[in-house]
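Q: what follows is a predicted structure for the sequence shown.
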Amino acid sequence: MKQRGHFVFLSLILAQAAHSIEEYVTRLFEVFAPARFVSSLISHDLARGFLVFNAALVTFGLWCWAVPVRSGWHAARGLVWFWAILELGNGVGHSAVALSRGGYFPGVVTAPLLLLFAGWLMILQARDSFDGASTSSSADE
């Protein structure tokens with residue numbers, strides 16, 4: 001992955017951090033059953049469970065950027081795709097719920113950042129795959 005991809009991936013993780021803060025402040029865990037369930041697995045105090053889960057998620061994302069992605073590990077490509085798909089779904093989900101409710105839903109303000117960076121990252125990943133396939137087939141001829 002090239003430098004631009006590293007920057008976009010880090011931006012996606014930082015967007016997730018901002019998204020997690022918005023969700024925490026607006027208490028997503030009180031209005032969205034899956035968030036309530038995951039939070040309750042960690043703590044009886046839903047706010048604490050939500051905070052711990054999201055802190056772990058963002059920490060994992062930062063580790064993915066700092067170690068496998070920046071070091072060029074073979075697994076980095078799969079991790080980048082995992083994050084891009086996860087965050088695209090996250091952004092679409094929040095936007096869809098807000099639209100269906102006709103108003104604000106916790107996390108919808110930062111959802112466009114997730115969509116932007118996840119989409120951009122997918123384009124860069126697809127372009128790298130295409131460039132790699134072109135280079136490989138040229139070298140084989």
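A: Happy to help now that I have it. Treat the numbers as computed from the prediction; the structure is a model and nothing was measured.

Q: what about stretch 42-56, average pLDDT?
A: Stretch 42-56 comes out with an average pLDDT of 98.

Q: may I see the buried residues of that stretch?
A: Buried residues in stretch 42-56, defined by neighbour count with 16 or more other Cβ atoms under 10 Å: 46, 49, 50, 51, 53, 54. In this view, the C-beta of every residue, glycine as well, is placed from N, C-alpha and C.

Q: what about that stretch, distance to the chain center?
A: Relative to its parent chain, stretch 42-56 has a centroid offset of 18 Å by Cα atoms, centre = their mean, to the nearest Å.

Q: again with stretch 69-86
A: 11 Å.

Q: and that stretch, what's buried?
A: By 16+ other Cβ under 10 Å, the buried positions in stretch 69-86 come out as 69, 76, 77, 79, 80, 83, 84, 86.

Q: closest to residue 38 among these?
A: residue 86 (13.9 Å; Cβ to Cβ).

Q: what mean pLDDT does the helix or strand encompassing that closest one get?
A: Using DSSP states H and E, the element containing residue 86 is helix 76-101. Averaged over helix 76-101, pLDDT sits at 98.

Q: quick one, strands of this protein?
A: All residues of the chain lie outside strands when identified by DSSP state E.

Q: residue contacts, the most centrally placed residue in it?
A: Closest residue to the average C-alpha location of the chain: residue 87 at 3.4 Å, with Cα atoms, centre = their mean. Residue 87 makes contact with 12, 15, 16, 114, 117, 118, according to Cβ atoms under 8 Å, 6 or more residues apart in numbering.

Q: could you rerun that using 7 Å?
A: 12, 16, 114, 118 (Cβ atoms under 7 Å, 6 or more residues apart in numbering).

Q: ok, now how distant is it from residue 74?
A: 22 Å (Cβ to Cβ, to the nearest Å).

Q: do residue 53 as well
A: As defined by Cβ to Cβ, residue 53 lies at a distance of 28 Å from residue 74.

Q: find the nearest non-adjacent residue to residue 18, please.
A: residue 110 (5.0 Å; Cβ to Cβ, 6 or more residues apart in numbering).

Q: for that neighbour, give me the pLDDT.
A: 98.

Q: no more questions from me, cheers.
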